[in-house]
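Asker: sequence and predicted structure, then a few things I'm wondering about:
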Amino acid sequence: MNTSIEKRTIKKVGLRLIPLMLVCYLVNYLDRINVGFAALHMNEDVGITATVFGWGAGLFFISYFLCEVPSNMALHRVGARRWIARIMITWGIVSTCFAFVQGPVSFMALRFLLGIAEAGFFPGMVLYISYWFPQEYRGRLTALFMTAIPLSALIGAPLSGFLLETASFWSIASWKWMFIIEGVPAIILGVVVLVYLTDRPSEAKWLTPEEKDWLVSKLSVEKTASHLSSFKDAFKSLNVMLMGVIHLGFAVGSYGIAIWLPQILKGHGLSSFHIGLMSMIPYGVAIVGMIAWGALSDKSPNRSLHVAASCMLGAIGLLIAAAVPTLSGAMVGISISTLGVIAARPIFWTLPGSFLTGSAAAAGIAFINAFGNLGGFIGPYVIGLIKDQTGSFTLGIVATSLPLALSVVAALVLAKRLAPLRAVAAANTSESVQEPM
């Protein structure tokens, strides 16, 4: 009977929450990286050099880092529904304001404000998943939610390229229309979130009493075994620090390439529209691998090893792209790297829930994401700086592969440290299965 309740409840909760979360994150990621496409025209129009663009693109992650933990703590206290709605509405407003960029100063100021507005969104979503789904389901469901990353490129890349080629009305430049058209959906979705989401399983009127009781009981059992629960615990945990290092590595690689990919492809003589189409390829490869790898990790007790393997694949892909600087070589290498880095993300984000709960989870997840996202500053800035110094993207791509190698080492150390917790979790699962119905 419990098996029937479990399947019914997880299916109902998944269908209720994951599609909306996926769409919200898709819009979030699109608003975060569309600056790479805008740069194809905006940089020349307002006088932005490669170094300034790299600095401004990465500045988002500085303010994001500063505001991440406070934002996630606010979500934990006031509830996901209201706080995520607030985040989406404010970031949508700031994103549309990029249409008014006049030069380097206004560009960098808006990137900084966008980081403040978006801070807490992604770790809030990860925390929200831990409120609703038992540990054994989080790999595949987090992977489904995070397919928004490759989907944002599959949809956003050709859309952005098309808008840059065609959207020029009332003497307003096409890159300005792109920011407006891609920013407004965040505001609309913020209102939808406010109406539709439910903060906790205990408040879900759309679950039957039986389903609600099973889910609340299942989640409470998971929180009793070897979890850190206080705010201070999170910042004293070496596991949290290791996860920050891992995230930093794949953020350097993923954001460095995502933001510069349109200009890398422009160097091969492609038009804006064809750049949009070509940018879809790495993410089309990644979306299949991401879901498959997430499901595979749910069957393995040691997810950290999956993270290490995918980060290694990401580093190898970048080295291939640098070693074979033709268009086909760049696309093969970047596709392999994107597969590795994107596959790592959903598996990685199931790990904090294995040793953090309560305030420690809110603070720890936010810190891991904030520290890691400093890689979003380092990657674009380093590539831009090296491009200005050498006239080529090659050395910049090599440089972004090095933090991914560090992520591999950190993931292997984390795997060893989490071994005792995996043993405790396995024992608890075994005991719960043996309890009489």
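Answerer: Thanks, I have the structure now.

Asker: counting contacts, what elements does the helix of greatest length in the chain pack onto?
Answerer: Ranked by number of residues, the top helix in the chain under DSSP state H is helix 2-33. With contacts defined as 3 or more CB pairs under 8 Å, 6 or more residues apart in numbering; DSSP states H and E, helix 2-33 has these neighbours: helix 80-96, helix 104-118, helix 121-132, helix 135-146, helix 148-166, helix 174-196, helix 209-222, helix 238-266. From N, CA and C alone the C-beta is placed, and that goes for glycine too.

Asker: centre of the chain versus it, how much separation?
Answerer: The chain centre lies 15 Å from the centre of helix 2-33; the measure is CA atoms, centre = their mean, to the nearest Å.

Asker: between it and helix 209-222, how many degrees?
Answerer: For helix 2-33 against helix 209-222, the angle between stretch directions is 70 degrees (axes from the mean of the first three to the mean of the last three CA atoms, to 10 degrees).

Asker: what's the angle from helix 2-33 to helix 135-146?
Answerer: 30 degrees.

Asker: pLDDT on helix 2-33, on average?
Answerer: Per-residue pLDDT values across helix 2-33 average out to 86.

Asker: what do you get for stretch 133-143?
Answerer: Averaging pLDDT along stretch 133-143 yields 80.

Asker: select the helix or strand of this structure having the lowest average pLDDT value.
Answerer: Using mean pLDDT, DSSP states H and E, helix 419-434 stands out as the lowest-scoring helix or strand of the chain, at a mean of 57.

Asker: tell me the contacts of G317?
Answerer: Shown in contact with G317 (CB atoms under 8 Å, 6 or more residues apart in numbering): 333-340.

Asker: and those, which are buried?
Answerer: 333-340 (16 or more other CB atoms under 10 Å).

Asker: returning to what we had before: kindly reformat the helices and strands packed on helix 2-33 as TSV containing distance to K416 and mean neighbour count.
Answerer: Written out in TSV, the entries for the helices and strands packed on helix 2-33 read as follows (distance: least, CB to CB, whole Å; neighbours: other CB atoms under 10 Å):
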stretch	distance to K416	mean neighbour count
helix 80-96	33	21
helix 104-118	34	21
helix 121-132	23	23
helix 135-146	19	23
helix 148-166	29	22
helix 174-196	39	19
helix 209-222	22	16
helix 238-266	10	24
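
Asker: mind putting those helices in CSV, distance to V408 included?
Answerer: Below are the helices and strands packed on helix 2-33 laid out as CSV (distance: least, CB to CB, whole Å):
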stretch, distance to V408
helix 80-96, 32
helix 104-118, 28
helix 121-132, 22
helix 135-146, 19
helix 148-166, 21
helix 174-196, 34
helix 209-222, 28
helix 238-266, 8
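
Asker: thought G56 was touching A109?
Answerer: No. Checked against CB atoms under 8 Å, the pair G56 and A109 is beyond contact range at 9.0 Å.

Asker: of all the helices and strands packed on helix 2-33, which lies closest to H306?
Answerer: Shortest separation from H306 across these is recorded for helix 135-146, at 8.7 Å, computed as CB to CB.

Asker: can you pull the contacts of the closest residue to A74 other than its chain neighbours?
Answerer: Counting by CB to CB, 6 or more residues apart in numbering, the nearest residue to A74 once its immediate chain neighbours are dropped is W83, at 5.8 Å. Taking CB under 8 Å, 6+ apart as the criterion, W83 is in contact with 71, 74-75, 120, 124.
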